[in-house]
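*Asks:* quick one, structure for this:
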Amino acid sequence: MQKGAYPMLERYSRNIPSVSEAEQEALARKRVLVAGCGGLGGCLIEYLARMGVGELTAVDGDVFEPSNLNRQILSREDLLGASKAAAARERARAVNSAVKVRAVDAFLDEHNADGLVQGQDLVLDALDSAAARLILEDACARRGVTIVHGAILGWLAQATVAPPGAGVLHRLYAAPMASPDKTSLPFTPAFCAAIQAAEAVKLLCGRPSALEGKLLVADLRQMDWDLLPI
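*Replies:* Sure, this is the predicted structure:
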């Protein structure tokens, strides 16, 4: 790998040339909001910190409980009862001390959404509430920020990219939902978060997204997935 004006750190050498040196440098200047620090959000924090995204805001008002231990990469037995957002900050710092991480120990709602979204280059939706997702999309529409959405249920995962003002999540979650089955397997969040992180890196590097206007739906039990127009 040739050295340019930007002194490429050895830690990022395996990112090249899948992303260019200029793109790697650009990632260090980007700010990303991760809404939710559970199964999806924990993996997203991990991937973005390792990728070298410059500033992360981790938002979650919840604490770890025993049922999180089967799938949430941030959860540990010694962290039961501890803040998920704080754990995300400490994990990211341990992985990459060059990444600035702000932990927000609060649930995203109509009172704080605009302030959290403001100034972000991208928002990653790792929430588990349809209502919170709609609040997030409205805030992103007002602030002109794109969302990379992901959701899981058991063996199933879905992901899409929602440009500001497109109303994608409002269409996906338009119908009232019954109390959902909360089954969550260890590998499904990692799969979904990997898709989200890949789309996030492309967008942050100025590349087109493969999921804008499309919904990826994957069934890991049947190893079957579709790209649906939305």
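*Asks:* below-threshold pLDDT in this structure: ranges please.
*Replies:* By pLDDT under 70, the low-scoring segments of the chain are 1-8, 177-180.
*Asks:* hmm, try it at 90
*Replies:* 1-9, 175-182 (pLDDT under 90).
*Asks:* ok, Met95 touching Ala49?
*Replies:* Actually, residue 95 is Val. It isn't Met. Yes. At 4.5 Å, Val95 and Ala49 qualify as touching, with contact defined as C-beta atoms under 8 Å. For every residue, glycine as well, the C-beta is placed using N, CA and C.
*Asks:* which residue ranges form the strands in the protein?
*Replies:* 31-35, 55-59, 100-104, 122-125, 147-153, 156-162, 214-219, 224-229 (DSSP state E).
*Asks:* list the contacts for Arg142?
*Replies:* 114, 117 (C-beta atoms under 8 Å, 6 or more residues apart in numbering).
*Asks:* cutoff 7 Å now
*Replies:* By C-beta atoms under 7 Å, 6 or more residues apart in numbering, the contact set of Arg142 is Asp114.
*Asks:* how deep is Trp191 tucked in, by neighbour count?
*Replies:* Small correction: residue 191 is Phe, not Trp. 18 (other C-beta atoms under 10 Å).
*Asks:* wait, it touches Ala157, no?
*Replies:* Yes. Applying C-beta atoms under 7 Å as the test, Phe191 and Ala157 come out as touching, 5.6 Å apart.
*Asks:* what touches both of the two?
*Replies:* Ala218.
*Asks:* follow-up on the earlier one: redo the strands of the chain as TSV? Include distance to Glu10 and mean neighbour count.
*Replies:* Putting the strands of the chain into TSV (distance: least, C-beta to C-beta, whole Å; neighbours: other C-beta atoms under 10 Å) gives the following:
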stretch	distance to Glu10	mean neighbour count
strand 31-35	23	26
strand 55-59	22	24
strand 100-104	21	19
strand 122-125	26	26
strand 147-153	29	25
strand 156-162	31	24
strand 214-219	34	17
strand 224-229	36	10
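*Asks:* including distance to Leu44, could these go into TSV?
*Replies:* TSV is the format used below for the strands of the chain (distance: least, C-beta to C-beta, whole Å):
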stretch	distance to Leu44
strand 31-35	5
strand 55-59	9
strand 100-104	12
strand 122-125	5
strand 147-153	8
strand 156-162	11
strand 214-219	16
strand 224-229	20
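*Asks:* between those strands, which one is nearest to Ala88?
*Replies:* Taking C-beta to C-beta, strand 55-59 is the member of the strands of the chain nearest to Ala88, at 3.8 Å.
*Asks:* circling back: compare neighbour counts for Val95 and Ala49 and give me the winner.
*Replies:* With neighbours defined as other C-beta under 10 Å, Val95 and Ala49 compare such that Ala49 has more, 21 against 16.
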